[in-house]
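Asks: return atomic coordinates for the entry below.
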Amino acid sequence: MSARERATEKKPRGGLLARTNLLTSVVLVFPVFLVYQLGVLVAPGVGNGADLITSLLFRLRERSLPAYFAVHAVMVLGFFVLLVVLRGRQEFRLRMFLPVTLESAIYAVAMGAVILQVMSLVGIDPSLRVAAAAKSDLPGGLFARVALACGAGVHEELVFRLILLAALMGLLAHLAGMRRWIAIAVAFVISSLLFSAAHHVIGGEPWRIGVFVYRFFCGIVFAVLYQWRGFAVAVYTHTLYDVYVMVLG
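Replies: Next up is the predicted model:
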């Protein structure tokens, strides 16, 4: 690729309304990741079912402190390698932090009411008693609840949108030969069903059709945001929504 082509690829398009590129998204969500990791270390009860790495690290710390630090070193090295690779192809846009957080806050406040209205229209009982009540009594107080929300925002969006959704769209479009818009729609549905089911299967929440459908629609919203607004917007919307539910009720 020529220098001119690289410059063209890195040139931002669409201003503040453009989809946030992966380089910018990774850097913007890093503070959310740090808050969660700090919560895991200092606040009891903080953890996320989609976070497989932290539980592994705690087991390593109990068995071998050098192995614990070695895995951390590899993760940090991998993070910086990813930044270097992306930096060669994309432009980091720090000015997107405020627009991303404000946009995500609007989505986080509005999505619950919109989903409940849709559920009412299709005849599904929208009265919910989700895990927010139990999480409000989480040991560690306010910081623990915020850290828990950060963990959900980062790890669930990483697993169900950045990895699973992207993989499904690629497989359905290229291997199954589906048209792009059909592959996107099917991937949205499958990833959102798995996202909702994970809260019951992995999270251990009691099965209720209203809660399952509600989280399915949440998954659809996050998938739409990831696809058309970027990973950072999906993470911040998810995080701020969970903060809204667990902290503000």
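Asks: low-confidence ranges in the chain?
Replies: 1-17, 44-45, 52, 55-56, 58-63, 65, 68, 126-140, 249 (pLDDT under 70).
Asks: in the chain, which spans are helices?
Replies: 3-10, 22-42, 52-63, 65-87, 97-121, 132-135, 141-151, 157, 166-170, 180-201, 209-229, 231-246 (DSSP state H).
Asks: any idea which of the ones you listed is most buried?
Replies: helix 157 (a mean of 30; mean count of other C-beta atoms under 10 Å). (Glycine included, C-beta is placed from N, CA and C.)
Asks: chain center to that helix: distance?
Replies: Centroid displacement of helix 157 relative to its chain, using C-alpha atoms, centre = their mean, to the nearest Å, is 2 Å.
Asks: what of stretch 99-115?
Replies: That offset, for stretch 99-115, works out to 14 Å (C-alpha atoms, centre = their mean).
Asks: what's it in contact with?
Replies: 16, 20, 28, 214, 217-218, 221, 225, 229-230, 232-233, 236-241, 243-245 (C-beta atoms under 8 Å, 6 or more residues apart in numbering).
Asks: can you give me the distance of the residue positioned nearest the centre of the chain to Ser64?
Replies: Closest to where the C-alpha atoms of the chain average out (C-alpha atoms, centre = their mean) is Glu157, at 2.2 Å. Separation of Glu157 from Ser64 (C-beta to C-beta, to the nearest Å) stands at 31 Å.
Asks: run through the residues that contact Val243.
Replies: Val243 neighbours (C-beta under 8 Å, 6+ apart): 108, 145-146, 149.
Asks: hmm, which two among those are most spread apart?
Replies: Ala108 and Arg145 (14.9 Å; C-beta to C-beta).
Asks: for the residue nearest to the centre of the chain, give me its contacts.
Replies: 222, 226, 231, 234-235, 238.
Asks: now distance to Phe188 too, for those, in a markdown table please.
Replies: Below are the contacts of Glu157 laid out as a markdown table (distance: C-beta to C-beta, whole Å):
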| residue | distance to Phe188 |
| --- | --- |
| Phe222 | 10 |
| Tyr226 | 10 |
| Phe231 | 16 |
| Ala234 | 13 |
| Val235 | 17 |
| His238 | 15 |
